[in-house]
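S.K.: This is the structure alone, sequence omitted:
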């Protein structure tokens, strides 16, 4: 018996290596092909996707032949430390690494709400979910709801939540993949997104056959080394300290004094400058709280986490693997603010020295070409473009000022080595580590979606028939293409999308999950109410305040926290938009109106990143009230 | 030991194993929600070269979370082990 298992493990390891080699060569060939094709042939992005879909289908058709290698996830488990690493990679994903560094760079101290929220999430997972979940036999969120509450309705509602939240996360991951591809391979952003989508689909179809803990564990180490090496180098250069997490304390004070210097020398506009150390400047305490709660609840209820980690194996292992995950993610999360601080320090120091517009550093143009750096309101594609753009500014002084430079928050982590004066090789290293993380992390949401439809919750048997394989492929392709399409339109920043994905999962699943585990009286009616209420409110709030801000403000203006000045400005802009001639002028007026409306479209000043503030309490009230009002339907297993 | 006290001990352990982790959760809530409110005054203090408030948000809170997680996992393990031995 034991020898048979050993043999299976050996076979799987072997197949893993083969798969990795195949995957690497496949992607490389594909990329080369794409590079050949892109020269001179613009606007045929759809074709790439057809190519990818064809490839995926071929693999899918071949895959059942390999199914003998498919392990039973429940039996074959890595030690807790590796599972912890895998969990950390799956949750503190590339999207959050991008987002957090960018946010600390742009917002300063308030952005730490995100790292606090993620850290809290692991703790909640360990305290609330892991002790009870393995009692159930489900291997997906939807199957858990079906098992705990019984009936079709909880299953359907939870599936809807899973799909909405997971597709949002997929978009965030693909956006990250697209940006990296654009930088790393010099592809156009849209092309890079589709390449990422194809690679993701490939990974998903191939990795179905192997447990992921080992691979992800190695990936985490790679990511860690890639991110920390430049930080350590900088820390040693500037402070003679090996640990960037400690060295960056000194840089915070330095940034503070540089901020004053910049203001004194009139190289920065006080309106534009966001001090690094001011608390509650960007986020009100309420919003800070909302982001922490949303991310924490979201992470612990994340369908991809439940499907791949919490549900597997004995409780003791699951418990320690969450502890390890918290530990590893903690080390990573504590290094990210250092990354932002060093970048900011170096940038401010450069500006304070008086950087002439004619000799700007090279990274500005590298990232300006992808549309991530703007100087004087124009993309900084090359030196001539910058000079042209700045010549139109009335009080230009020929020296770079802070307010002239607009850097997209999403670029900071990629550009960090170049900005702090290290070679671009480090950027490439970070970019490829992040790309791999983005792809594997996107694999989790995909699996969560697919399992929602496919597993019947009872069998963890992976010897699935060909028809199921085809269905898996079709579902995965559908989800990925929807997400890829959304990502090409760049609907929002990576951080926003990732936070929304977590918040949606929190809003829809957390109340029903926690009460299902800890309160025997909770029944199907209550769970459905909680899921429906939470998801609808959260989705409405996020979508309406971000994408339909003007009509949201007009409907809910009486709840907004807009001051009289902002209301007046809104009316002014609205009149201007109505009065404008149809065509370009009106479009420009609309953009102004919309971006102003986004600032004041809210309920009591809560940003859409903190939408959990409304949806979580509503979900909790919903499940308690409705469960108590309807008949008890106890299907608790003890 | 009589069979009766054995049984009650067993029941106590079982209750303990299934208890809602109220203490750990309230510790978490204090760190996650009360700490950020105190950051501004804490920032005036220097700690390891850091402004203390920023340090607590960026690293202190995470360290505290890890400690809570380790202690509660260890306790849970001990309860499990005792339950297993008594059985």
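M.R.: That came in fine, so what should we check first? None of the values given here were measured: they were computed from a predicted structure.

S.K.: can you give me the strands in chain B?
M.R.: Assigned by DSSP state E, the strands in chain B fall at B:46-47, B:50-51.

S.K.: quick one, which of those is nearest to chain A?
M.R.: Nearest of the strands of chain B to chain A, taken as C-beta to the nearest C-beta: strand B:50-51 at 3.4 Å. C-beta coordinates here come from the backbone N, C-alpha and C atoms, glycine included.

S.K.: Give the other helices and strands that that closest one contacts.
M.R.: If contacts are counted by 3 or more C-beta pairs under 8 Å, 6 or more residues apart in numbering or on different chains; DSSP states H and E, strand B:50-51 sits against helix A:244-264.

S.K.: Okay, buried residues for the helix it packs on please.
M.R.: Neighbour-count burial for helix A:244-264, counted by 16 or more other C-beta atoms under 10 Å in any protein chain shown, picks out A:244-252, A:254-255, A:258-259, A:262.

S.K.: quick one: contacts of it?
M.R.: The contact list for helix A:244-264 (C-beta atoms under 8 Å, 6 or more residues apart in numbering or on different chains) reads A:228, A:231-232, A:234-235, A:238-239, A:241, A:268, A:270, A:273, A:275-277, A:334-335, A:337-338, A:341-342, A:344-345, A:348-349, A:351-352, A:402, B:47-51, B:54-55, B:59.

S.K.: quick one on the thing from earlier: of the buried residues of helix A:244-264, closest to residue A:96?
M.R.: Nearest to residue A:96 among those, counting by C-beta to C-beta, is residue A:245 at 17.6 Å.

S.K.: Mean pLDDT per helix and strand in chain B: which one sits at the bottom?
M.R.: When the helices and strands of chain B are compared on mean pLDDT, DSSP states H and E, helix B:3-18 comes out lowest with a mean of 65.

S.K.: before we move on, back to that, now, of the contacts of helix A:244-264, which are buried?
M.R.: A:228, A:231-232, A:234-235, A:238-239, A:241, A:268, A:276-277, A:334-335, A:337-338, A:341-342, A:344-345, A:348, A:351-352, A:402, B:49-51, B:54-55, B:59.

S.K.: Quick check: the gap between the closest residue to residue A:355 other than its chain neighbours and chain B.
M.R.: Closest residue to residue A:355 apart from its sequence neighbours, by C-beta to C-beta, 6 or more residues apart in numbering or on different chains: residue A:400 at 4.3 Å. For residue A:400, the distance to chain B equals 28 Å [C-beta to the nearest C-beta, to the nearest Å].

S.K.: which regions of the chain sit below the pLDDT cut-off?
M.R.: I'll assume chain A. Confidence mapping of chain A against pLDDT under 70 gives the ranges A:1-78, A:139, A:185-186, A:206-216, A:307-313, A:396, A:454-469, A:633-638.

S.K.: my bad, chain B
M.R.: Across chain B, the ranges flagged by pLDDT under 70 are B:1-7, B:9-10, B:12-18, B:84-87.

S.K.: near chain A, which residues of it?
M.R.: Near chain A, the residues belonging to chain B are B:18, B:20-21, B:24-25, B:28, B:32-33, B:36-37, B:39-40, B:43, B:47-51, B:53-55, B:57-59, B:61-63, B:65-66, B:68-70, B:72-73, B:76-77, B:80 when assessed by C-beta under 8 Å from any C-beta of the partner chain.

S.K.: Disregarding flanking residues, what is the spatial nearest neighbour of residue B:72?
M.R.: In space, and not counting its chain neighbours, residue B:72 is closest to residue B:24: 4.8 Å by C-beta to C-beta, 6+ apart.

S.K.: so that neighbour sits right up against residue A:124, yeah?
M.R.: No - if you go by C-beta atoms under 8 Å, residue B:24 and residue A:124 don't touch, sitting 9.9 Å apart.

S.K.: These two - which one has more neighbours?
M.R.: Between residue B:24 and residue A:124, counting by other C-beta atoms under 10 Å in any protein chain shown, residue A:124 is the more crowded of the two (26 against 19).

S.K.: isn't that one right next to residue A:297, touching?
M.R.: Yes - assessed by C-beta under 8 Å, residue A:124 is found in contact with residue A:297 at 6.9 Å.

S.K.: Pull out the buried positions in the longest helix seen in chain B.
M.R.: In chain B, taking DSSP state H as the definition, the longest helix is helix B:61-86. Across helix B:61-86, burial judged by 16+ other C-beta under 10 Å covers B:61, B:62, B:64, B:65, B:66, B:68, B:69, B:72, B:73, B:76, B:79, B:80.

S.K.: any idea how far residue A:326 is from the second one?
M.R.: Here the distance between residue B:62 and residue A:326 works out to 8 Å (C-beta to C-beta, to the nearest Å).

S.K.: Now for those two: what residues contact both?
M.R.: With contacts taken as C-beta under 8 Å, 6+ apart, the residues that reach both residue B:62 and residue A:326 are residue A:119.
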